[in-house]
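Undergrad: No sequence on hand, only this structure:
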Ligand code: AMP
């Protein structure tokens, strides 16, 4: 299957070629013809599947080829809702690349930035808005935006938007859109009842497509957490990497700047490393990936978003230098190891201010995570992990994340866990209400704009 066969216009095909896209991904092959034919879509696809182009290309084709019916004032014609500022910006950037040869005025609307410039852009008039729900509501309340001309609505990462508590905002926004002649494309990694309900209320005979593997992680991956003081993470990483300098390792950092600094540090320490993130040119990213695949560099330091496009089949080790702010990103990160039944390990360096994030991850994984100090790198003060389970359900009476929400492993695994964590030290400070105690210091992943720019 080629992009030409999907019915896309030459303007888009040319831009795709320049992006280096040769063939459509499975979600694109399924979604594009249906969306071009005007159907509503419920698409099961997570990040990394090419979902942005799957909804973006038909949307742009519609805007670029069917003229707007203008009765007086120009109104936005397409709206994409995304859970976070970063995703909104990334989607907007991608759509700008795809629509290079079309003239489609567009803007992004998100929280954590001034209202003024966004208001100006809306006043100037745009065809396409990519927005986070909360800030769009702010603009609606100030009458900065008129959504009565929306022809296409996309809900991107709908499950995450609902997880973040955006359902009321989404419903309010939906209430302002035209009911007739509107196409709705809903993309989500998972389909909880709340999403199905939303679809029932606001979509018309949607077509269902699915490419998402379930949110499960290969059984062959060992999850290991090394507690460490934040200030000593770099040293610990170096210590781990130096143990086998030939091993190919993907290291995840949270911010672009952090990845750059870390890469520099590793290089200065004699490790062949490169960073890939959103500030690197496409050429630099491709080069880094090529060098990594060829073994010319051993460590690739990546942000979540940059890593999405990484096509690496099999890696023995993924290291989370920083834990991801959103638990699902952990699954995406380590999806690159343990494939096809091979063994893999996911190592996370976790400081006190990440304890809450670790709890969210273990809850989502429903699986054991081994917590083990590395000799010489024990945290100065035992980490308080907090706890969601009643104390008597905590094996050993501490370290909740180790077994949060999960059945005990077969006995043969016991030795691994017998060594896990410093017996009294790590969990010694565990507190049944540790969640609240830690809460004040932990960043809140569910606040709009809380994820640092990557
Ligand atoms: P997404 O799932 O939309 O975030 O896309 C993941 C990554 O895949 C992005 O870096 C896209 O630029 C890239 N991508 C999307 N579709 C294709 C394609 N057909 N061929 C090559 N790369 C693609």
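TA: Ah, there it is. Values in this document were obtained by computation on a predicted structure and should not be read as measured data. Residues are numbered from 1 along each chain as shown.
Undergrad: quick one, strands of the protein?
TA: 41-44, 78-81, 106-109, 128-131, 152-155, 183-188, 207-210, 221-227, 249-252, 273-276, 299-302, 317-320, 344-350, 370-371 (DSSP state E).
Undergrad: In terms of residue numbering, what are the domains of this structure?
TA: 3-210, 217-248+312-454 (automatic domain parsing).
Undergrad: between those domains, which gets nearest to the ligand?
TA: Shortest distance between the ligand and those, using C-beta to the nearest ligand atom, is found for domain 3-210: 3.2 Å. C-beta here means a position set from N, CA and C on the backbone, and glycine is covered the same way.
Undergrad: Do me a favour and get the end-to-end distance for the closest one?
TA: 19 Å (C-alpha to C-alpha, to the nearest Å).
Undergrad: sorry, back to before: any chance of the strands of the chain in CSV, with distance to the ligand too?
TA: Formatted as CSV, the strands of the chain follow (distance: least, C-beta to the nearest ligand atom, whole Å):
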stretch, distance to the ligand
strand 41-44, 11
strand 78-81, 12
strand 106-109, 16
strand 128-131, 13
strand 152-155, 12
strand 183-188, 9
strand 207-210, 14
strand 221-227, 22
strand 249-252, 16
strand 273-276, 11
strand 299-302, 12
strand 317-320, 18
strand 344-350, 21
strand 370-371, 31
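Undergrad: Nearest to residue 142 among those would be which one?
TA: Residue 142 lies closest to strand 106-109 among the strands of the chain, at 11.8 Å (C-beta to C-beta).
Undergrad: Show me the strands paired with the closest one, marking each as parallel or antiparallel.
TA: Using DSSP bridges, strand 106-109 pairs in its sheet with strand 128-131 (parallel).
Undergrad: Contacts for the strand it pairs with next, please.
TA: 59, 63, 76-82, 88-89, 91-92, 95, 104-110, 122, 136, 145 (C-beta atoms under 8 Å, 6 or more residues apart in numbering).
Undergrad: ok, 6 Å please
TA: 76, 78-81, 88, 91-92, 104, 106, 108-109 (C-beta atoms under 6 Å, 6 or more residues apart in numbering).
Undergrad: okay, those in a markdown table with neighbour count, distance to residue 130 and pLDDT next?
TA: Putting the contacts of strand 128-131 into a markdown table (neighbours: other C-beta atoms under 10 Å; distance: C-beta to C-beta, whole Å; pLDDT from 0 to 100) gives the following:
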| residue | neighbour count | distance to residue 130 | pLDDT |
| --- | --- | --- | --- |
| 76 | 23 | 11 | 96 |
| 78 | 26 | 9 | 98 |
| 79 | 25 | 8 | 98 |
| 80 | 26 | 5 | 98 |
| 81 | 27 | 8 | 98 |
| 88 | 24 | 5 | 93 |
| 91 | 22 | 5 | 95 |
| 92 | 23 | 4 | 96 |
| 104 | 17 | 12 | 95 |
| 106 | 19 | 7 | 97 |
| 108 | 23 | 5 | 97 |
| 109 | 28 | 7 | 97 |
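Undergrad: which pair in the residues you listed spans the largest distance?
TA: 81 and 104 (17.8 Å).
Undergrad: Among the domains of the chain, show the one with the smallest mean pLDDT.
TA: For the domains of the chain, the weakest mean pLDDT is recorded on domain 217-248+312-454, namely a mean of 65.
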